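Colleague: Dropping the sequence and predicted coords here.
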Amino acid sequence: MTNQRDMAPHDFWQEVHPPETFAVDGEFASFYVAVLEDGRQVRLPIRVLRTAITLSPR
């Protein structure tokens, strides 16, 4: 399995990886691993929101 590392947004371009390339349990810091029906994996970037949105209960 490959360790997660910080990645720039341009590092993501729908590259499909073999099954079990990345761990799917635990915390995700720079990308989330989506597992396709056939077991292959796709890395999806996690982007930090610049502003927090606060919703007020009505």
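Modeller: Structure's in. What do you need?
Colleague: Number of residues surrounding the spatially closest residue to residue 32 that is not a sequence neighbour?
Modeller: Distances taken as CB to CB, 6 or more residues apart in numbering place residue 44 nearest to residue 32, at 4.7 Å, with adjacent residues excluded. Every C-beta, even on glycine, is put in place using the N, C-alpha and C of the backbone. Residues lying near residue 44 (other CB atoms under 10 Å) number 13.
Colleague: what phi and what psi does the backbone show at residue 44?
Modeller: phi -110, psi 130 (degrees, to the nearest 10).
Colleague: so who does it touch?
Modeller: 12, 31, 32, 33, 34 (CB atoms under 8 Å, 6 or more residues apart in numbering).
Colleague: one more time with 7 Å
Modeller: 31, 32, 34 (CB atoms under 7 Å, 6 or more residues apart in numbering).
Colleague: does the second one sit in a helix, a strand or a coil?
Modeller: This points to residue 32. strand (DSSP: H, G, I helix; E, B strand; the rest coil).
Colleague: going forward, begin numbering at 357 instead of 1
Modeller: OK, 357 is where the count begins now, so the last one is residue 388.
Colleague: Tell me how far it lies from residue 372.
Modeller: When distance is defined by CB to CB, to the nearest Å, residue 388 is 15 Å away from residue 372.
Colleague: try residue 384
Modeller: Distance from residue 384 to residue 372, by CB to CB: 18 Å.
Colleague: quick one: which of those two has more around it?
Modeller: Taking other CB under 10 Å, residue 384 and residue 372 do not tie; residue 384 has more neighbours (15 against 11).
Colleague: now that one, nearest residue through space, not along the chain?
Modeller: Nearest to residue 384 is residue 402, by CB to CB, 6+ apart, at 6.0 Å.
Colleague: Might one say that the one you found is in contact with residue 389?
Modeller: No: if you go by CB atoms under 7 Å, residue 402 and residue 389 don't touch, sitting 10.7 Å apart.
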